[in-house]
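>>> No letters, just coordinates:
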Ligand code: MN
């Protein structure tokens, strides 16, 4: 059976405290959602603001394959704004628990039912698809909940949705509830929240109980502890519930996860399933050795399945097998005794409590292999003009293969200007800066600044570091060190 995915990243996800997306950002996320195979996209809530309506209109203008919906209360004013945005349908959210009906809406069940039915009539008169979502359904009187659904379906609701608004279902109660609603003959969706960390588990149970549609957000973002995570539920369906399918292109999951993390500023915990930094990382020697022999030993799925790569992390638990793969990735061939020596040196560093980075590994390997590099590029001087009234401008003097060159550049900030002044020179073309991290090592404004960068040229990727009291010097130093490493061939 095919399970439809309803994405609410742009509505419930945007209700994450501190998150607000621009029209352009919403559009980029919607395009990717459509591309990855999402069936229904809730693009926002049309009543919210002019900007929100602008965003929804941009999305409805695009002829996406996904059905585009707006959130709506059961009120004509909301529905009118949805119509104005030219959506295909509405997620019509009707509170059904006495707590919400009496305390929030200050009304009663009878009026609520009428409100819901009238709203559905109004939507259907205007040609809208209606997904009737019962808010706080899981704390509602079951008979009343069912009355709202059945009566809504009589009025033309196309699908219904059970909202576990405060996340109080368990896998057992979720299964029971959906099983009890199984005689309803329109598609039933589940909308779960993660207050007890059970949203994905409850969603899977809902599917087994008869739900044929799931509401999710990318990375599980949303109010409070968030919503059902898209990536976890889709991959779980694929691997753990093989009798069900979705229309999602699973190997693009990591891309959309990164995009949403970047645009919302809500970054992912390293140990998050599927998309966390460590989800396919191995440090322990026993595990790395097993993985290299047969990845199924310590991985329930391959990283490629979700568009990722396996990573061997350098550290004191590491064995020589993992280390050797890591060195090969860095383009370094070593014999057994060199490998053992590098491994020992890393453990000495790790025992001092230091995180061993790729940069450290390269330095340790260079020392063991007695590689002495003559750097082709040397920085002689960098001068910056910056302030709140001028465009940051940098001039640099560098020596490339014994020839001194003077160059200048501008940028958004002083670091950008300095890097631009350097990289506009011919020798730097085809080199891309793919990562840039800044850390202040000590607390105050006099702190040493640690800059770690990653550069790419063709297939080759290197890391480099610069540590200086001055952020510009640190950045330029890291950049030039990285380029020198890349140019070593
Ligand atoms: Mn919600």
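Arrived safely, thanks for sending. Predicted model, so just to flag it, every value in this text is computed and none were measured. Numbering: from 1, shown residues only.
>>> Which neighbouring elements make contact with the worst-scoring helix or strand of the chain on mean pLDDT?
Across the helices and strands of the chain, mean confidence by mean pLDDT, DSSP states H and E is lowest for helix 358-368: a mean of 80. On a contact count with 3 or more C-beta pairs under 8 Å, 6 or more residues apart in numbering; DSSP states H and E, helix 358-368 meets helix 320-329, helix 336-351, strand 460-468. All C-beta spots, glycine's among them, are computed from the backbone N, C-alpha and C.
>>> how much does it deviate in direction from helix 320-329?
Going by axes from the mean of the first three to the mean of the last three C-alpha atoms, to 10 degrees, helix 358-368 is angled at 90 degrees with respect to helix 320-329.
>>> Packing partners of the next helix or strand after helix 358-368?
The helix or strand immediately downstream of helix 358-368 is strand 377-385, counting by DSSP states H and E. Helices and strands touching strand 377-385, by 3+ C-beta pairs under 8 Å, 6+ apart, are strand 393-400, helix 414-423, helix 471-486.
>>> With residue 274 as the reference, name the closest of those.
Between residue 274 and the helices and strands packed on strand 377-385, the shortest separation by C-beta to C-beta is 30.6 Å, and it involves helix 471-486.
>>> helices or strands up against that closest one?
strand 377-385, strand 393-400, helix 414-423, strand 432-440, strand 449-457, strand 460-468.
>>> Quick one: the ones you listed as JSON lines, columns for mean pLDDT, mean neighbour count and distance to residue 10 too.
Below are those laid out as JSON lines (pLDDT from 0 to 100; neighbours: other C-beta atoms under 10 Å; distance: least, C-beta to C-beta, whole Å):
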{"stretch": "strand 377-385", "mean pLDDT": "92", "mean neighbour count": "16", "distance to residue 10": "40"}
{"stretch": "strand 393-400", "mean pLDDT": "93", "mean neighbour count": "19", "distance to residue 10": "40"}
{"stretch": "helix 414-423", "mean pLDDT": "92", "mean neighbour count": "22", "distance to residue 10": "31"}
{"stretch": "strand 432-440", "mean pLDDT": "86", "mean neighbour count": "13", "distance to residue 10": "28"}
{"stretch": "strand 449-457", "mean pLDDT": "87", "mean neighbour count": "20", "distance to residue 10": "31"}
{"stretch": "strand 460-468", "mean pLDDT": "82", "mean neighbour count": "19", "distance to residue 10": "33"}
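>>> got the ones you listed as TSV, with distance to residue 23 columns?
TSV is the format used below for those (distance: least, C-beta to C-beta, whole Å):
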stretch	distance to residue 23
strand 377-385	35
strand 393-400	33
helix 414-423	26
strand 432-440	27
strand 449-457	31
strand 460-468	34
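>>> residue ranges with poor pLDDT in the stretch 251-400 of the chain?
Along the stretch 251-400 of the chain, segments meeting pLDDT under 70 span 371-373.
>>> Quick check: pLDDT value at residue 162.
Note on residue 162: pLDDT of 98.
>>> if we can go back for a sec, just tell me which of the helices and strands packed on helix 471-486 ends up closest to residue 337.
That would be strand 460-468 among the helices and strands packed on helix 471-486, by C-beta to C-beta, at 25.1 Å.
>>> who does that closest one pair up with?
strand 449-457 (antiparallel) (DSSP bridges).
>>> now the helices for the stretch 151-300 of the chain?
Secondary structure of the stretch 151-300 of the chain (DSSP state H, counting those that start in this stretch): helices at 171-180, 199-209, 230-240, 253-264, 285-293.
>>> what comes up buried for the longest one?
This points to helix 253-264. Buried positions in helix 253-264, judged by neighbour count with 16 or more other C-beta atoms under 10 Å: 253, 254, 255, 256, 257, 258, 259, 260, 261, 263, 264.
>>> and the nearest residue to residue 415 once chain neighbours are set aside, how far is that from residue 413?
The shortest distance from residue 415 to any non-neighbouring residue, by C-beta to C-beta, 6 or more residues apart in numbering, is to residue 475 (4.7 Å). Distance, residue 475 to residue 413, by C-beta to C-beta, to the nearest Å: 10 Å.
>>> Those two - which one has more neighbours?
Taking other C-beta atoms under 10 Å, residue 475 and residue 413 do not tie; residue 475 has more neighbours (23 against 13).
>>> Contacts only, for that one.
Counting by C-beta atoms under 8 Å, 6 or more residues apart in numbering, residue 475 touches 415, 418, 419, 436, 438, 451, 453, 466.
>>> and what of residue 112?
Contacts of residue 112 were listed using C-beta under 8 Å, 6+ apart, and they are 94, 95, 96, 101, 105, 148.
>>> Residue 410 and residue 390 touch, don't they?
No. Residue 410 is beyond contact range of residue 390, at 9.5 Å (criterion: C-beta atoms under 8 Å).
>>> who has more neighbours, these two?
Using other C-beta under 10 Å as the criterion, residue 410 and residue 390 rank with residue 410 on top: 14 against 9.
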